[in-house]
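[1] Just need the structure, nothing else, for what follows:
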Amino acid sequence: MRMVKLGLEGFVEQAKSLPTGCRAAFLTHQAAVDNHGVTSLERIRRGFPDLVQSVWSPQHGFYGDRQANMIASKDFSDPLSGLPVYSLYGDQRQPTPEMFLEIGLILVDLVDVGCRVYTYVWTLYLLLIEAARAGVKVVVLDRPNPLGGLGVEGNLPRFDHSSFVGLYPLPMRHGLTLGELAYYFKYYAGIDVELDIVEMEGWRRSLCFSETGLFWVLPSPNMPTLATAMVYPGQVLLEGTNLSEGRGTTLPFELCGAPFIDPRALLAEIDLQAANGVFLRPTWFTPTFDKWAGELCGGLQLHVVDFKKFSPYRFTLALLKAVIRLYPDDFVWLAPPYEYEYKKLPIDILTGDPLIRQVLENGGDLDLLEESWGDSLEEFYGRHNNVIIYT
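    Below you'll find the model as predicted:
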């Protein structure tokens, strides 16, 4: 098995060249660990006890214990390190000018899941903007995109549907590492920030996460396994509907359904061409919290058998089309608020384009819908190829 050397490792080796007395803030969380399971924060503090002055945390909090969708994490004093931890998820989602006082460097090490709507990407984006204003350098300690670096899927959101699940246009699966995304934002969103990426060694775009030799540590409460991450770029759309996406079960996003669904009828209605690479098992489940808590739901369990063939976004669009056709009187789109958007429908900011919802409601052709994304995706590919670090 290939053992990927993380950007964290490279930084620890290079950090002796830091200016004497350098003081840093660290955007990170407990999921960012080294090859031995030691957190990035602890690893850096062992070698450089006086470097990190404060920790900045993304959605779900530093310890990854907070649930989703506007469940804010709060500032606190970390009992293990004694450092102040400042939350970047709540009413305030970007660092304040005061947070930059007396620091000359911002380190970033986050476990992302390779999907546009996973908000850690946008915490980085806002941090880059504020760091540019403050004149503070940002160093990203890179780590793998768990979905690999080859798969790109979905439409680019419209600028008038930007939100905290898409502040700048990216496809649903972007195929970039966090370091590459930082370059992408710097060059194409025009963020004039001093930026350095500490690159990985040994990672290739074709590698599955299971081939990296790295630990999977859940980056949020409902992302417990790599299998969850594989289906997430599609099944996250269910957050904009009255269908359960499996929250409140031990298989979030791998289970989906509702009390009004007959699993066998749903399976028969789905376009199986959209289910390439995934085995769909009709099932029943009862969520313990969130949508339909305590009620028996009929639905499906997704078993990804060939991720290279599986297109999660296209699959969930086909799933929604089938549900709407079978249960037009029971299925509903949820109303806002969602991720601090109070006017637009959650589904419309998740997809980034209300046309997609309209196509689904009217039983439209998903092939034609995908073809309409061609020009914008070609432009993205061109930009993508200009920022990639790894082959």
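
[2] What is the burial count for the residue lying closest to residue 110 once chain neighbours are set aside?
    In this structure, residue 110 finds its nearest non-sequential neighbour in residue 120, 4.8 Å apart by Cβ to Cβ, 6 or more residues apart in numbering. C-betas here are computed from N, CA, C, even on glycine. Using other Cβ atoms under 10 Å, residue 120 has 25 neighbouring residues.

[3] okay, residue 120: pLDDT?
    In the predicted model, residue 120 carries a pLDDT score of 98.

[4] Can you tell me how far it is from residue 28?
    Noted for residue 120: a distance of 10 Å to residue 28, by Cβ to Cβ, to the nearest Å.

[5] just the helices in the protein please.
    7-14, 40-47, 120-134, 178-188, 226-235, 263-269, 312-326, 346-351, 354-361, 366-371, 374-387 (DSSP state H).

[6] quick one: the third one to helix 178-188, angle?
    Using axes from the mean of the first three to the mean of the last three Cα atoms, to 10 degrees, the interaxial angle of helix 120-134 with respect to helix 178-188 works out to 50 degrees.

[7] so where is this structure shaky, pLDDT-wise?
    Scanning the chain for pLDDT under 70 picks out 1-2.

[8] quick check: domain ranges of it?
    7-219+383-387, 226-352 (automatic domain parsing).

[9] ends of stretch 79-99, how far apart?
    Criterion Cα to Cα, to the nearest Å; first-to-last residue distance in stretch 79-99 is 20 Å.

[10] That one: which residues count as buried?
    Neighbour counts over stretch 79-99 (16 or more other Cβ atoms under 10 Å) mark 81, 83, 85, 86, 87, 88, 89, 93, 94, 95, 99 as buried.

[11] can you redo these as a markdown table with distance to residue 164?
    Shown next, in a markdown table, are the buried residues of stretch 79-99 (distance: Cβ to Cβ, whole Å):
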| residue | distance to residue 164 |
| --- | --- |
| 81 | 28 |
| 83 | 26 |
| 85 | 20 |
| 86 | 18 |
| 87 | 14 |
| 88 | 11 |
| 89 | 9 |
| 93 | 6 |
| 94 | 11 |
| 95 | 15 |
| 99 | 19 |
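
[12] just these now: which is nearest residue 228?
    residue 89 (20.0 Å; Cβ to Cβ).

[13] any chance you could read off phi and psi for the closest one?
    Here is the backbone geometry of residue 89 (degrees, to the nearest 10): phi -140, psi 110.

[14] State the distance from the spatially closest residue to it that is not a sequence neighbour to residue 218.
    In space, residue 89 comes closest to residue 59 once its chain neighbours are excluded; the distance is 4.0 Å by Cβ to Cβ, 6+ apart. Going from residue 59 to residue 218 by Cβ to Cβ gives 13 Å.

[15] ok, those two, which is more surrounded?
    Shown here are residue 59 and residue 218; by other Cβ under 10 Å, residue 59 has more neighbours (28 against 16).

[16] My guess is that one contacts residue 70. True?
    No - Residue 59 is beyond contact range of residue 70, at 9.5 Å (criterion: Cβ atoms under 8 Å).

[17] What is the burial count for the closest residue to residue 51 other than its chain neighbours?
    Nearest in space to residue 51, with sequence neighbours left out and distances taken as Cβ to Cβ, 6+ apart, is residue 24 at 5.2 Å. Residue 24 sits with 21 neighbouring residues when counted by other Cβ under 10 Å.

[18] what's the answer for residue 47, then?
    Neighbour count of residue 47, defined by other Cβ under 10 Å: 12.

[19] sorry, back to before: name all residues that sit in contact with residue 120 and residue 28 at the same time.
    Common neighbours of residue 120 and residue 28, using Cβ atoms under 8 Å, 6 or more residues apart in numbering, are residue 110.

[20] so who does the residue most central in space within the chain touch?
    In the chain, the C-alpha nearest the mean C-alpha coordinate belongs to residue 118, at 2.5 Å (Cα atoms, centre = their mean). By Cβ under 8 Å, 6+ apart, the residues touching residue 118 are 112, 232.

[21] Let me have the helices of the chain in CSV, extended by distance to residue 335.
    Putting the helices of the chain into CSV (distance: least, Cβ to Cβ, whole Å) gives the following:
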stretch, distance to residue 335
helix 7-14, 41
helix 40-47, 39
helix 120-134, 22
helix 178-188, 31
helix 226-235, 20
helix 263-269, 24
helix 312-326, 17
helix 346-351, 8
helix 354-361, 13
helix 366-371, 24
helix 374-387, 28
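
[22] So which of those is nearest residue 113?
    Comparison of these against residue 113 by Cβ to Cβ identifies helix 226-235 as nearest, at 4.6 Å.

[23] by how many degrees do that closest one and helix 312-326 diverge?
    Counting by the same axes, to 10 degrees, helix 226-235 points 60 degrees away from the direction of helix 312-326.

[24] And helix 226-235, how far out from the chain middle?
    What separates the centre of helix 226-235 from the centre of its chain is 10 Å, taken as Cα atoms, centre = their mean, to the nearest Å.

[25] now swap in stretch 279-296 and tell me
    Counting by Cα atoms, centre = their mean, stretch 279-296 comes out at 23 Å from the chain centroid.

[26] neighbouring contacts of that stretch?
    Residues outside stretch 279-296 that contact it (Cβ under 8 Å, 6+ apart): 242-249, 251, 255, 257-259, 263-264, 266-267, 270, 297-303, 305.
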